[in-house]
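Asker: Sequence first, then the predicted structure:
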Amino acid sequence: MDCIFDKIIAGEIPSDKVYEDGEVIAIKDINPSALVHILIIPKKHIESVNHMDEADSALIGKLIYTASNIAKKKGLSSKGYRLVFNIGEDAGMVVNHIHLHLLGGQKLGAMV
Ligand code: 5GP
């Protein structure tokens, strides 16, 4: 499978890992848009939110829970942070494997 995140999960491509368990991995974004920019990625290859089944709901919820734990560890919980799923072309999605962006560590700009 030609997916950069699958290769990162398999350890074929290096990454700056901040969390890993049996279901998810969290890595620093290679091209950060904020002082803190972390990607939380399910190990299961699901192309996008559009491709989720109902059975994936708990796994995708776990991405949010994992992000909140990382935010807590990084001291972002009280000041705030942003969680973003890009879906498809108009949102600028470039890697076709669901991932949750955690952005923070600074005052964030407008959404669009
Ligand atoms: P998207 O626009 O698809 O929601 O975001 C994909 C993100 O993955 C981008 O922010 C991009 O910088 C990041 N990215 C792409 N390739 C790599 C990589 O090889 N390693 C890491 N750590 N991040 C990557």
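Answerer: Arrived safely.

Asker: per-residue confidence averaged over stretch 36-49?
Answerer: Stretch 36-49 shows a mean pLDDT of 98.

Asker: what comes up buried for it?
Answerer: Judged by neighbour count using 16 or more other CB atoms under 10 Å, the buried positions of stretch 36-49 are 36, 37, 38, 39, 40, 41, 42, 43, 46, 48, 49. Backbone N, C-alpha and C define where each C-beta goes, glycine included.

Asker: Up against the ligand, what does this protein have?
Answerer: 4, 13, 15, 27-31, 39, 86, 92-95 (CB under 6 Å from any ligand atom).

Asker: redo that, cut-off 5 Å
Answerer: By CB under 5 Å from any ligand atom, the residues of the chain that approach the ligand are 4, 15, 27, 29, 30, 31, 86, 92, 93, 94, 95.

Asker: Give the other helices and strands that the longest strand anywhere in the chain contacts.
Answerer: Longest strand in the chain, counting residues (DSSP state E): strand 36-42. Applying 3 or more CB pairs under 8 Å, 6 or more residues apart in numbering; DSSP states H and E, we find strand 36-42 packed against helix 4-9, strand 24-28, helix 57-73, strand 100-104.

Asker: Name the residues that touch the third one?
Answerer: Put plainly, it is helix 57-73. 18-19, 23-24, 26, 38, 40-42, 44, 49, 52, 77, 81, 83, 98-100, 102, 104 (CB atoms under 8 Å, 6 or more residues apart in numbering).

Asker: If we use 6 Å, what do you get?
Answerer: Helix 57-73 has contacts (CB atoms under 6 Å, 6 or more residues apart in numbering) with 24, 26, 40, 42, 77, 81, 83, 100, 102.

Asker: got it, and stretch 84-98?
Answerer: Applying CB under 6 Å, 6+ apart, the contact partners of stretch 84-98 are 3, 4, 5, 42, 45, 46, 47, 48, 49, 100, 101.

Asker: just stretch 25-35 next, same as before
Answerer: 9, 15-19, 37-41, 70, 103, 105-106.

Asker: Closest to residue 56 out of the residues you listed?
Answerer: Checking the contacts of stretch 25-35 against residue 56 with CB to CB, the nearest one is residue 41 at 13.4 Å.
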